[in-house]
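**Student:** how would this look folded up:
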Amino acid sequence: MKTLKFKLYQHKRNRYLKQDINIAANIYNHCIALHKRYYRMWKKHLNCAKLQSHIAKLRKRKSHWQRIGSQAVQDICQRIEKAYQLFFKHHKKGVKPPGFKKAKKYKSFTLKQAGYKFLLTRQ
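**Tutor:** All right, here's what the predicted structure looks like:
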């Protein structure tokens, strides 16, 4: 697996990438809200597979969520699941469950094998 890390400066050509990051933050916050709502209603932890299938159904109706690849959305759900498992394991040590993040503070999302390409043009 190849990992690339870039520092992007403010420029109008970055707006699509920033929109994608904001959409990923929106999906993340929606998943956290679903976890909290599910626990309030049923007093149980929301299964990662159920969450992924629910988000897949929502992506069909919310057209702007389709800009993010399906594997990237699955990775968001898996990150939340991992954070909850750490919380359950270490909650006596003061570890808090994952919470909401402002879109401004949401820095990245993982693109797996979705075929994403950076198109570099030379002028």
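**Student:** List of residues touching stretch 93-103?
**Tutor:** Stretch 93-103 is contacted from outside by 21-22, 25-26, 28-29, 32-33, 80, 83-84, 86-87, using CB atoms under 8 Å, 6 or more residues apart in numbering. From N, CA and C alone the C-beta is placed, and that goes for glycine too.
**Student:** no, scratch that, I was asking about stretch 33-41
**Tutor:** K44, H45, L46, L51, H54, I80, Y84, F100.
**Student:** How confident is the prediction for the residue nearest to Q113 when sequence neighbours are not counted, by pLDDT?
**Tutor:** For Q113, ignoring the flanking residues on the chain, the nearest one in space by CB to CB, 6 or more residues apart in numbering is Q71 at 6.3 Å. Predicted confidence (pLDDT) at Q71: the value is 91.
**Student:** Same question for F109.
**Tutor:** F109 is given a pLDDT of 85.
**Student:** Next up, the contacts around it.
**Tutor:** Counting by CB under 8 Å, 6+ apart, the residues that F109 touches are D20, I21, A24, I68, A72, D75, I76.
**Student:** Show the average pLDDT along the longest helix anywhere in the chain.
**Tutor:** When the chain is parsed with DSSP state H, its longest helix is helix 15-42. Here helix 15-42 scores 95 as its mean pLDDT.
**Student:** Give the buried residues for it.
**Tutor:** For helix 15-42, a neighbour-count test (16 or more other CB atoms under 10 Å) marks 20-21, 23-32, 34-35, 38 as buried.
**Student:** contact partners of the next helix or strand after it?
**Tutor:** Following helix 15-42 in sequence order, the next helix or strand is helix 48-61 (DSSP states H and E). Contacts with helix 48-61, where a contact means CB under 8 Å, 6+ apart, come from 27, 30-31, 34-35, 65-66, 70, 73-74, 77-78, 80-81.
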